[in-house]
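> sequence and computational prediction follow.
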Amino acid sequence: MAKTISINPVTRIEGHARITIYTDDGGKVTNAEFHVNEFRGFEKFCEGRVYTEMPSITPRICGICPTSHALASVKACEDIQQVKIPPTGELLRRLIELGQLISSHALSFYHLSAPDMLLGFDSDPALRNIVGIAVKHPDIAVKGIRLRKFGQEISERLTGKKIHLLGIVAGGMAYALREDDRQALLAWIPEALESSKAALELFKKFREENKQFVDSFASYPTLYMGTVKPDGTHEVYDGIIRMVDENGKVLRDFKAQEYLDVIAERAQDFSYLKFPYYKPFGIDKGHYRVGPLARLNVASKMATPLAQKEFEAYKAITGGKPNHGTFYYHYARLIELLGAVEQVKAILDDPQVTSTNVQSLARRNKSEGIGSCEAPRGTLFHHYKVDEGGMLTKVNLLIATGQNNLGMNRSVLEVAKAYVNGKEVKEGALNRVEAAIRCYDPCLSCSTHAIGSMPMVMEVLGPDGSLLNSVRRDG
Ligand code: MG
Ligand code: NI
């Protein structure tokens, strides 16, 4: 078998993600792998720069989660400076982070995953996308597109940029929120609440009608990690990081600064993307997941009333225990989406939000800094070391998609075993395998630290290594 593996560094094409499914003589799936070609140049490239440039450089790693990079980065800078930011600076950061969460979650659900649920996993792949939804369910397509626009508009009104933001700076924010911008964003709230609720209803209806599929889809226990407030409330900007076991028992509450005590990474030869695991348990038992499913598994409640109501119904499914079903990432994501819209409203209603006291000034007071936040797809860490002049001597980024690498590999294998047969490879079956990856909503440009879209290739190989079928999607 080893001879049949076609993947090696020579055949790797820079910037591709690849799923390889191995089958035996009977067509049965024996193994599956999700490979990402990690481009590790970014961390190196930053060395020698002044650390305070990082919050404006690192958002360029990714067009989908630039805010998360800016926030983890700026928090690492503030750890170096030992500075506390003003309350309005924090409110504005939360606003912009929630805006990105709304935009990213709306993209994940409406554009990438709703086509499977609304049009069918076996429907025509040419139409199984937002365009196909626009034809069959125009009202739903419009909701998705507008919700995404709302999230981007928050960023635009706070930083002047839709995607690559510049307003997040060490010590707080560069710009205050103007009253007319606050009003303009508030005007979106009723529509954004309706659209988030509609997405939840769509998911719940799909689950009702496909219960067996949803419950069994790559369902397996792991550990989970995510940020919570000290009282256990769901949190994305700042709090304690919590690791729980498969029964929900808290293994460890820790600060970002302690991440190296808790998480270790191992390289595997088939992927450039490393495999992080919970250090005390070792790689075999330390498999943890991050992102919406993990955040709802570590949290004891949501921060807002509508999301809390949905959370209670969601938790009732597993009797309050962690939910291990990979397809439930979608459900968790949509509860977060609704909660994010509620939180945006609460922040915009806070009279402090338009204060012009948005930035504290400080200098380098430590030679090392670590920052974290919850990116839409999971916990993100930035770790910097600087010399006396503030030049970066070491940069380490630990990104969410990397932390879900074990999860994505396991999920691909589970789904391939359940749906793929090497004797007769159906496009719809391969689409289900890809859907396992879509649950995690991986940010491949982040995990590869490269800029731009990432096409994905999936191949099914026979026992002799011959190619039985392949599907290619352009990222
Ligand atoms: Mg790294
Ligand atoms: Ni990203």
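Yep, that arrived. Ligands and ions are numbered 1, 2, ... in the order given.
> show me where the stretch 51-200 of the chain has its helices.
Under the criterion DSSP state H, counting those that start in this stretch, the stretch 51-200 of the chain contains helices at 54-57, 66-81, 87-106, 114-119, 130-136, 138-159, 179-186, 189-209.
> phi, psi of the residue nearest to the spatial centre of the chain?
Centroid-nearest residue in the chain, with C-alpha atoms, centre = their mean: residue 377, separated by 1.1 Å. Main-chain torsions, residue 377, degrees, to the nearest 10: phi -100, psi 0.
> chain neighbours aside, what residue packs nearest to it?
residue 400 (4.2 Å; C-beta to C-beta, 6 or more residues apart in numbering). Any C-beta I mention is one placed from the backbone N, CA and C, and that applies to glycine too.
> just to check, that neighbour is in contact with residue 375?
Yes. Judged on C-beta atoms under 8 Å, residue 400 makes contact with residue 375 at a distance of 5.0 Å.
> spell out which residues are contacts of both of these two.
Common contact partners of residue 400 and residue 375 (C-beta atoms under 8 Å, 6 or more residues apart in numbering): 443, 446.
> looking at the residue in the stretch 251-400 of the chain positioned nearest to ligand 2 now. What's its pLDDT?
Closest to ligand 2 within the stretch 251-400 of the chain is residue 375: 6.7 Å, counting by C-beta to the ion. At residue 375, the pLDDT value in this model is 96.
> identify the residues contacting it.
Here residue 375 is in contact with 65, 68, 69, 72, 399, 400, 443, 446 (C-beta under 8 Å, 6+ apart).
> mind redoing it with 6 Å?
65, 68, 400 (C-beta atoms under 6 Å, 6 or more residues apart in numbering).
> repeat for residue 337
Neighbours of residue 337 in contact, by C-beta under 6 Å, 6+ apart: 105, 196.
> same check on residue 360?
So residue 360 contacts 83, 85, 171, 172 (C-beta under 6 Å, 6+ apart).
> swap the cut-off to 7 Å and go again
Shown in contact with residue 360 (C-beta atoms under 7 Å, 6 or more residues apart in numbering): 83, 84, 85, 86, 171, 172.
> which stretches of the stretch 201-350 of the chain form helices?
211-216, 259-262, 282-285, 292-298, 305-317, 328-349.
> and the ones you listed, which one averages the lowest pLDDT?
The minimum mean pLDDT among the helices of the stretch 201-350 of the chain belongs to helix 282-285 (a mean of 92).
> so which bits of this protein are right by ligand 2?
62, 64, 65, 443, 446 (C-beta under 5 Å from the ion).
> looking at those residues, point me to the pair that's furthest apart.
Spanning the widest gap among the residues of the chain next to ligand 2 are 64 and 446, at 7.5 Å by C-beta to C-beta.
> neighbour-wise, which of those two wins?
Between residue 64 and residue 446, residue 446 has the larger neighbour count (other C-beta atoms under 10 Å), namely 26 against 23.
> the helix or strand containing the more buried one: what's the following helix or strand?
Secondary-structure assignment from DSSP states H and E places residue 446 in helix 444-447. Per DSSP H and E, helix 444-447 leads on to strand 456-461 as the next helix or strand towards the C-terminus.
> spell out which parts of this protein neighbour ligand 1.
396, 397.
> show me where pLDDT drops low in the chain?
1-16, 37-40, 161-165, 268-273, 445, 447-455, 473-475 (pLDDT under 70).
> would you turn the residues of the chain next to ligand 2 into TSV with distance to residue 356?
Listed next are the residues of the chain next to ligand 2 as TSV, based on distance: C-beta to C-beta, whole Å:
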residue	distance to residue 356
62	30
64	31
65	28
443	34
446	33
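> buried set for stretch 304-316?
304, 306, 307, 308, 310, 311, 314, 315 (16 or more other C-beta atoms under 10 Å).
> residue 424: which of those residues is nearest?
Checking the buried residues of stretch 304-316 against residue 424 by C-beta to C-beta gives residue 314 as the nearest, at 36.8 Å.
> okay but the closest one is in contact with residue 333, surely?
No. Shown here, residue 314 and residue 333 do not form a contact pair, counting by C-beta atoms under 7 Å, at 11.3 Å.
> and the residue of the stretch 1-150 of the chain closest to ligand 2?
residue 62 (3.1 Å).
> give me the neighbour count for that residue.
Neighbours around residue 62, by other C-beta under 10 Å: 26.
> ok, and the most crowded of the contacts of residue 360?
Ranking these using other C-beta under 10 Å puts residue 172 first, with 25 neighbours.
> who touches it in this structure?
Counting by C-beta under 7 Å, 6+ apart, residue 172 has contacts 85, 86, 89, 358, 359, 360.
> grab the nearest non-local neighbour of it.
Nearest to residue 172 is residue 89, by C-beta to C-beta, 6+ apart, at 2.9 Å.
> count the residues that sit near that neighbour.
For residue 89, using other C-beta under 10 Å, the count is 23.
> and for residue 124?
10.
> distance of the closest residue to it other than its chain neighbours from ligand 1?
Closest residue to residue 124 apart from its sequence neighbours, by C-beta to C-beta, 6+ apart: residue 132 at 7.6 Å. Using C-beta to the ion, to the nearest Å, residue 132 is found at 37 Å from ligand 1.
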